[in-house]
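A.B. asks: Coordinates for the following, if possible.
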Amino acid sequence: MSLDKATVRNIAFLARIDVPDEELAPLAGELSAILGFIEQLREVDTTGVEPMASVAEMGLFQRADVVADGAVPAKVLANAPDAAEGFFLVPKVVE
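C.D. replies: Prediction:
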């Protein structure tokens, strides 16, 4: 399908987009190429293919909800700027 400048001007008007006259011809070419690709997709045989809401599988991984203390206090405290006896040390902020 080939679009002319008048059709592109009308589409821009309906979309409430201000397109300068010098950009109508290149935009008509781009929109025509997009419509050509859509026409090409229409030729694909999709019988037996169910419609999808997404191209990615929608299942989420779920792990068991188990309460744990982490069992890695040494690794956690290794990132602390200052630690002693298994606790974070922070500077005093209240006088």
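A.B. asks: Next secondary structure after the helix or strand bottoming out on mean pLDDT in the chain?
C.D. replies: Within the chain, confidence by mean pLDDT, DSSP states H and E is lowest for helix 73-78 among all helices and strands, at a mean of 87. For helix 73-78, the following helix or strand on the C-terminal side (DSSP states H and E) is strand 83-84.
A.B. asks: mind checking the longest helix of this protein?
C.D. replies: The residue-count maximum for a helix in the chain (DSSP state H) belongs to helix 24-42.
A.B. asks: counting contacts, what elements does it pack onto?
C.D. replies: Helix 24-42 is packed against helix 5-14, with contacts defined by 3 or more C-beta pairs under 8 Å, 6 or more residues apart in numbering; DSSP states H and E. From N, CA and C alone the C-beta is placed, and that goes for glycine too.
A.B. asks: just to revisit the earlier point, can I get the least confident helix or strand of the chain in PDB, CA atoms only?
C.D. replies: Extracted C-alpha coordinates of helix 73-78, given in PDB (Å, rounded to 0.1, in the frame of the first residue of the first chain):
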ATOM      1  CA  PRO A  73      26.300 -13.700  59.200                       C
ATOM      2  CA  ALA A  74      30.000 -13.600  58.400                       C
ATOM      3  CA  LYS A  75      29.300 -12.900  54.700                       C
ATOM      4  CA  VAL A  76      26.800 -10.200  55.600                       C
ATOM      5  CA  LEU A  77      29.200  -8.500  58.100                       C
ATOM      6  CA  ALA A  78      32.000  -8.700  55.600                       C
END
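A.B. asks: buried ones in it?
C.D. replies: Neighbour counts over helix 73-78 (16 or more other C-beta atoms under 10 Å) mark residue 77 as buried.
A.B. asks: Identify the residues contacting it?
C.D. replies: 70, 83, 86, 88 (C-beta atoms under 8 Å, 6 or more residues apart in numbering).
A.B. asks: Hmm, residue 80 and the last one touching each other?
C.D. replies: Same thing as residue 88. Yes. In this structure, residue 88 is within contact of residue 80 by C-beta atoms under 8 Å, at 5.1 Å.
A.B. asks: tell me which element residue 67 is part of?
C.D. replies: Using DSSP H and E, no helix or strand contains residue 67.
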